[in-house]
Each structure stands twice: as structure tokens, then as C-alpha cells.
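[1] Sharing a model that was predicted from the sequence below.
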Amino acid sequence: MRGSDYAELKAFVTIVAHGNFARAAAELGMSASTLSQTIRALEARLGLRLLNRTTRSVSLTDAGERLHARFRPAMIEMEAAVRSVVDARDTPAGTLRVHLPSVAAATFLEPTLGRFHAAYPDIVLDVTIDGAVTDIVEAGYDVGARLGEFLEADMIAVQLGGEQRQLAVASPEYIARYGRPNVPGDLLQHHCINWRQPGGKGLYKWEFLKDNTWFSVAVNGPLIVSHREMALAAAVQGVGIAFWAEDLVRPLIEDGKLVPLLEEWCGTFPGWFLCYPSQRYTPPSLRAFVDFLRRDSRPAETARRNRNGS
């Protein structure tokens with residue numbers, strides 16, 4: 001295989017991973033037009049059409065499906081072999097691609113960035129903050145974070161922190177005007193701030209616990225967001241009731257800006273996990289990152305207390 005052959009095939013696999021020429025070109029460090037020419041050259045050399053392209057989407061032809069199924073595992077193995085040589089040194093180094101939802105990033109990674117860099121100055125963290133549930137292997141990430149309920153069976157999972165809890169919260173002004181819900185069913189008579197997971201279509205149903213049984217409530221209200229930071233900001237302004245991680249709403253509760261509701265119905269659940277694919281060789285940079293966050297990361301609330309000296 002010539003060097004150009006491998007470059008063309010890697011470009012092909014990257015386009016399939018992203019489903020988009022522009023994003024694939026950005027990852028490969030080339031222009032979309034150059035990438036398009038590369039794929040045309042590959043198709044011309046093979047005498048086969050590999051991709052169906054429209055202005056909106058990219059899909060595989062039958063020939064493309066067969067090539068991708070055979071070449072992608074081989075490419076992963078070849079790149080792992082190269083990484084094993086490059087990383088076979090005492091100091092973990094290189095770029096580590098990390099995919100994190102905003103809550104996990106704020107809770108576990110942001111408070112540790114300075115200490116991690118001091119411990120591993122030769123590791124470059126390439127962090128994507130994205131709430132969509134993404135196939136991290138297909139998208140080319142080395143490691144990601146998931147709630148326990150979204151873990152995939154074939155991934156290695158390492159728990160971060162302990163169990164989590166979500167709280168319903170509203171501003172004192174909202175409560176003075178509309179009153180408090182006494183049971184979750186009362187939320188149907190209130191203004192609630194809905195959340196849609198990025199990339200998803202349906203709205204998240206608020207989950208509560210009673211007598212060791214979970215149940216959900218489909219709420220309604222004047223605002224739908226895909227980033228829950230906006231839901232909290234709206235709740236502080238009296239728009240409605242929000243539902244979010246206790247660690248992140250607790251400071252606003254302590255400041256008197258929000259009031260917790262339905263606490264006795266808000267149960268705990270398995271929290272966040274780092275996850276990465278099972279592989280014969282784990283790069284030192286990945287081992288260092290996972291071990292560091294498992295050992296030294298602290299929930300945002302603990303980090304805030306330490307910064308305040310209390």
C-alpha cells in the first residue's frame with residue numbers, strides 16, 4: 001500500500017465517521033474541496049463509487065459498506081500499533097480526544113485542569129463539550145463520560161464520584177406567585193422548563209422515586225432548552241420550575257436565588273462514568289487521564305468549598 005493509498009482510505013473512514021465532508025476535513029486538517037478531490041481520486045483508482053453525496057447528507061454505497069467494514073478495523077489496529085511505539089516512553093504525552101457533556105465537564109474536569117496540566121504537561125487535552133450521546137469510537141474520541149444508564153456493554157467504565165440526584169427548583173418570586181407543587185403530579189399545573197437532549201427529538205421526562213419505584217412526569221411550560229444552564233438562568237428569573245443536578249443548583253439555593261421542591265421525591269441514581277473502548281493496548285496518556293480523574297477529581301461543590309477555604 002502506497003502512502004497516498006492509506007491517506008485516501010483514512011479520509012474515506014473519517015467522512016463515514018462524521019457523515020459530513022466539512023467536519024471530516026476539519027479533523028484531517030484540509031479543506032473540504034481537497035477532501036472531495038481525495039475521495040474522487042480513490043473512487044477513480046478503485047473504479048467504484050463509495051459514497052452517495054447530496055447537498056444535505058453522505059451515505060455509503062454497497063461497495064463503500066464492504067470497504068468500510070473491512071478497512072476501518074485494520075486502520076484502528078495500525079494506528080494503535082503506531083501509538084504504542086510513540087507512547088512507549090516514561091512520560092505520558094500526545095493528544096487525548098475527550099468527549100464530555102457539560103455537567104460532567106463542569107463537575108469533574110474543570111476543577112482539575114490546572115492540577116492535571118501540572119502533573120502531565122506533555123498531554124494535550126482536546127475536549128469537546130457536547131450533550132449528545134455519541135459513539136465515541138466512531139467519532140474518533142479516546143474517552144468520554146456517560147451516566148450509568150447510558151453505558152454501552154462493550155466499553156470499559158470507571159465511576160467518577162458517587163451517586164447523583166436531580167432537584168426541582170424555582171425562584172422565591174415564582175413560588176410566591178404560583179405556589180409549590182406538593183407531589184410530582186402537581187407539576188402538570190405549573191410552568192416547567194423543559195429540556196431536550198442535543199441531537200434528540202423528544203423532551204426529557206422528569207424522573208422521581210417513590211417506594212423504590214421510579215416514575216416519570218412529562219411536564220409543560222413556556223421554555224424548552226438544549227442547555228440546562230439556560231434553564232437555571234430562566235428559573236432564577238421566575239420563568240418556571242427547572243430540574244437539574246443537585247451539585248450545580250445547590251449554590252443558587254444557598255444564595256437564596258432558588259428554592260428546592262419535591263426533595264422527598266428526588267432519588268439518587270448511579271452517577272458519571274468515564275468510558276473508553278476495550279483494547280489490547282491502552283496508551284499511557286489515556287491511562288494517566290483516567291487514573292487522575294478517578295483518584296483526584298472532586299465534584300464542583302467540593303472544589304468550591306476548598307477554594308473558599310471552608
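    Great, that's in hand. Residues are numbered from 1 along each chain as shown.

[2] Next one: Gly162 from Arg40, what distance?
    53 Å (Cβ to Cβ, to the nearest Å). In short, each C-beta sits where N, CA and C put it, glycine included.

[3] how much space between the nearest residue to Val236 once chain neighbours are set aside and Phe243?
    Leaving aside its sequence neighbours, Val236 sits nearest to Lys257 (Cβ to Cβ, 6 or more residues apart in numbering; 5.0 Å). Relative to Phe243, Lys257 is positioned 16 Å away (Cβ to Cβ).

[4] Give me the more crowded residue out of these two.
    Phe243 (27 against 17; other Cβ atoms under 10 Å).

[5] Are we agreed that the more buried one is in a helix?
    No - assignment of Phe243 by DSSP: H, G, I helix; E, B strand; the rest coil gives strand, placing it outside any helix.

[6] correct me, but the residue nearest to Val236 touches Val169?
    No - assessed by Cβ atoms under 8 Å, Lys257 is found out of contact with Val169, at 9.1 Å.

[7] What does the residue nearest to Val236 show for phi and psi?
    Dihedral angles phi and psi of Lys257 (degrees, to the nearest 10) take the values phi -80, psi -30.

[8] any idea where the helices of the stretch 101-250 of the chain begin and end?
    102-104, 113-119, 172-178, 228-236, 246-254 (DSSP state H, counting those that start in this stretch).

[9] Just give me the lowest mean pLDDT stretch among those helices.
    Per-stretch mean pLDDT for those is lowest at helix 102-104 (a mean of 85).

[10] List of residues touching it?
    Ile129, Gly131, Ala145, Leu160, His227, Arg228, Glu229, Ala245, Leu248, Trp272 (Cβ atoms under 8 Å, 6 or more residues apart in numbering).

[11] Any idea how far that helix is from the middle of the chain?
    Distance of helix 102-104 from its chain centroid, counting by Cα atoms, centre = their mean, to the nearest Å, is 8 Å.

[12] do the same with stretch 198-214
    So, by Cα atoms, centre = their mean, the centroid of stretch 198-214 is 18 Å from its chain's centroid.

[13] tell me the contacts of Val183?
    For Val183, the contacting residues are Leu262, Trp265, by Cβ under 8 Å, 6+ apart.

[14] and it, how far is that from Val225?
    Relative to Val225, and taking Cβ to Cβ, Val183 is found at 25 Å.

[15] How about Thr268?
    Thr268 is 24 Å from Val225, by Cβ to Cβ.

[16] next one: Gly199
    14 Å.

[17] Looking only at neighbour counts, state which of those two leads.
    Remark: of Gly199 and Val225, Val225 carries more neighbours, 16 against 11, as counted by other Cβ under 10 Å.

[18] so after the longest helix along the chain, what's the next helix or strand?
    Counting residues, the longest helix found in the chain (DSSP state H) is helix 62-86. Using DSSP states H and E, the helix or strand that follows helix 62-86 towards the C-terminus is strand 94-100.

[19] angle of that next one against helix 62-86?
    130 degrees (axes from the mean of the first three to the mean of the last three Cα atoms, to 10 degrees).

[20] And strand 94-100, what does it pack against?
    Applying 3 or more Cβ pairs under 8 Å, 6 or more residues apart in numbering; DSSP states H and E, we find strand 94-100 packed against strand 123-129, strand 143-147, helix 284-296.

[21] Now tabulate those in a markdown table and tack on mean neighbour count, distance to Ile253 and mean pLDDT.
    A markdown table is the format used below for those (neighbours: other Cβ atoms under 10 Å; distance: least, Cβ to Cβ, whole Å; pLDDT from 0 to 100):
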| stretch | mean neighbour count | distance to Ile253 | mean pLDDT |
| --- | --- | --- | --- |
| strand 123-129 | 15 | 25 | 94 |
| strand 143-147 | 21 | 22 | 90 |
| helix 284-296 | 18 | 27 | 89 |
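
[22] Looking at the ones you listed, which is nearest to His18?
    strand 123-129 (12.4 Å; Cβ to Cβ).

[23] who are the neighbours in contact with the residue lying farthest from the centre of the chain?
    Farthest-out residue of the chain from its mean C-alpha position, per Cα atoms, centre = their mean: Gly47, at 39.1 Å. Applying Cβ under 8 Å, 6+ apart, we find Gly47 in contact with no residue.
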